[in-house]
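**Student:** one predicted model, sequence on top.
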Amino acid sequence: MPFHIPSSLHYRQFRLLWLGLMVSVAGSQMQTWALFWHIRSLTEYPIALGGVGVARIVPIIVFSLLGGAIADVVNRRNLLFLTQTIMTLTAVGLAILTLNGQITIWHIYLLTAIQASAAAFDTPARHSLVPNLVPKKELTNAFSMSSLASQVGAIAGPALSGLVIAYLGQSYTYIFNAISYGAVLVALVLMGNVHQDVFHDRRNNISLQSIKYGIDYILGQPIIFSSMILDFFATFFSSANTLMPIFARDILKVGAVEYGWLSAAQSIGAVTAAAVISQIENIKSQGMILLGSVIVFGIATIFFGATRVFLLAMFALMIIGAADSVSMIIRNTIRQLQTPDYVRGRMTSINQIFFMGGPQLGEIEAGVVAQLLGAPIAIVTGGIGCILVVFYIGHRWKQLRFYNGDEPILAGVKATAD
């Protein structure tokens, strides 16, 4: 099959956001993995790594629904300006405290919580903006390319974090992340005005009634709701990223540079999968592909937890990343296509609680199990739990299992190619 430029990149506004996202994710991933290494350097207790999950999930739970309601009422592009600026400042704060030798675990938790609070408003606005940038027929391709941009950044970020920590110092990972946010800010300036459907009635305002409308909408859509449940529990059981420093240092006996490559391995697999999907114009049997990809995700997690060889661990993590990428692309396409524009922000904010809550609470669970039974057991049992969840959800929500991808679409967008 000859390579062609993915169709969604023919749309200038999406192309700008895509390029900015790639740079920004690289910086964010560099900071994320550097934070884990930093905490491991400050304490030997595995449960302290789980504290990062708490610092992230609490603001998401508190602010996410409000963030979605706001994203459906205000200009999403302008909202992104604000959230991206706040996240830039938190990275600067981490850098200054580290450079001055004043940073503690509690500083890391606090600034992580502030950044997560901004993300609770940023994610609904950013995800809901994508259907405003391309026609509905290009959404699968657009989310495939968004995944590709995220994963390319997620390869560069962790790999660079190991090198930067080893040769420049911890503080520079935070400095580079602060700079990387500028790429999204520049993209937002260059893209200009973006069309957005807003209906000022009882369904669209910043109120408890508006938030309830969004929740009721999701509960009334079994395919969307079941995909969210699947996302939550699969990542809850198979979330082992925070244990990576322990696995690298204590199980595989490797240093910071190898840790960086382990951290990037999932994204290497994810990029490969996203690149392949970006070349496929029409994907059928999406429900079965979604469920199958999560089963592969769980099996690879078990293999990773059982291995003691660096290269085999890298391979397992690449399979995990590839399976997760396939799952994420299909989940995002299902949700955005089946949701009208005026409620997309609230749908995304509810989904954010699931896709952020699963891994963040999973980090806490993994930290506790690792503290009691060891990191390998925490990872292996998580993979088993992930597989069991897939079989339950496939049985409980048959609509998801038989979802093909060509069901009636509820929403349209306005976009033009250049």
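**Tutor:** Noted; the coordinates are in hand.
**Student:** what stretches of the stretch 201-350 of the chain score poorly on pLDDT?
**Tutor:** Residues of the stretch 201-350 of the chain meeting the criterion pLDDT under 70: 201-207, 239-242, 281.
**Student:** so which residues of the stretch 301-418 of the chain form helices?
**Tutor:** 310-337, 344-373, 375-396, 398-401 (DSSP state H, counting those that start in this stretch).
**Student:** between those helices, which one is closest to D216.
**Tutor:** With CB to CB as the measure, helix 344-373 is the member of the helices of the stretch 301-418 of the chain nearest D216 (10.1 Å). Where C-beta positions appear, they are placed from N, C-alpha and C, glycine not excepted.
**Student:** could the helices of the stretch 301-418 of the chain go into CSV alongside distance to L219 and mean neighbour count?
**Tutor:** Listed next are those as CSV, based on distance: least, CB to CB, whole Å; neighbours: other CB atoms under 10 Å:
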stretch, distance to L219, mean neighbour count
helix 310-337, 14, 23
helix 344-373, 10, 23
helix 375-396, 15, 19
helix 398-401, 14, 16
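**Student:** same list, the ones you listed, but as JSON lines with distance to W261 please.
**Tutor:** Shown next, in JSON lines, are the helices of the stretch 301-418 of the chain (distance: least, CB to CB, whole Å):
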{"stretch": "helix 310-337", "distance to W261": "7"}
{"stretch": "helix 344-373", "distance to W261": "21"}
{"stretch": "helix 375-396", "distance to W261": "18"}
{"stretch": "helix 398-401", "distance to W261": "35"}
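**Student:** and I215, which of these is closest to it?
**Tutor:** Across those, closest to I215 is helix 344-373 (CB to CB), at 6.5 Å.
**Student:** what sits against I379?
**Tutor:** 240, 243, 247, 301-302, 304-305, 366 (CB atoms under 8 Å, 6 or more residues apart in numbering).
**Student:** in the helix or strand hosting G214, which residues are buried?
**Tutor:** Secondary structure from DSSP states H and E places G214 in helix 208-219. Across helix 208-219, burial judged by 16 or more other CB atoms under 10 Å covers 210-211, 213-214, 217-218.
**Student:** in space, what's closest to F402 - neighbours in sequence excluded?
**Tutor:** G287 (5.8 Å; CB to CB, 6 or more residues apart in numbering).
**Student:** count of residues packed around the one you found?
**Tutor:** 22 (other CB atoms under 10 Å).
**Student:** show me what the helix or strand hosting it is packed against.
**Tutor:** Using DSSP H and E, G287 falls within helix 286-306. On a contact count with 3 or more CB pairs under 8 Å, 6 or more residues apart in numbering; DSSP states H and E, helix 286-306 meets helix 222-237, helix 310-337, helix 375-396, helix 398-401.
**Student:** tell me the buried residues in that helix?
**Tutor:** Counting neighbours by 16+ other CB under 10 Å, helix 286-306 gives 286-287, 289-305 as buried.
**Student:** is it true that I295 touches I384?
**Tutor:** No - applying CB atoms under 8 Å, one finds I295 not in contact with I384, separated by 11.5 Å.
**Student:** hmm, V294 and C386 touching each other?
**Tutor:** Yes - assessed by CB under 8 Å, C386 is found in contact with V294 at 6.8 Å.
**Student:** mutual contacts of the two, please.
**Tutor:** A234.
**Student:** tell me where the stretch 1-150 of the chain has helices.
**Tutor:** In the stretch 1-150 of the chain, helices defined by DSSP H, counting those that start in this stretch lie at 12-42, 46-71, 76-99, 105-129, 139-167, listed in chain order.
**Student:** mind checking how far stretch 6-18 is from the chain centre?
**Tutor:** Relative to the chain's own centre, stretch 6-18 is displaced by 20 Å; criterion: CA atoms, centre = their mean, to the nearest Å.
**Student:** for that stretch, measure first residue to last.
**Tutor:** One end of stretch 6-18 to the other measures 12 Å (CA to CA, to the nearest Å).
**Student:** neighbouring contacts of that stretch?
**Tutor:** So stretch 6-18 is in contact with 126, 129-130, 133-134, 138, 141-142, 144-146, 149, 184, 187-188, 190-192, 194, 278-279, 281, 415-418, going by CB under 8 Å, 6+ apart.
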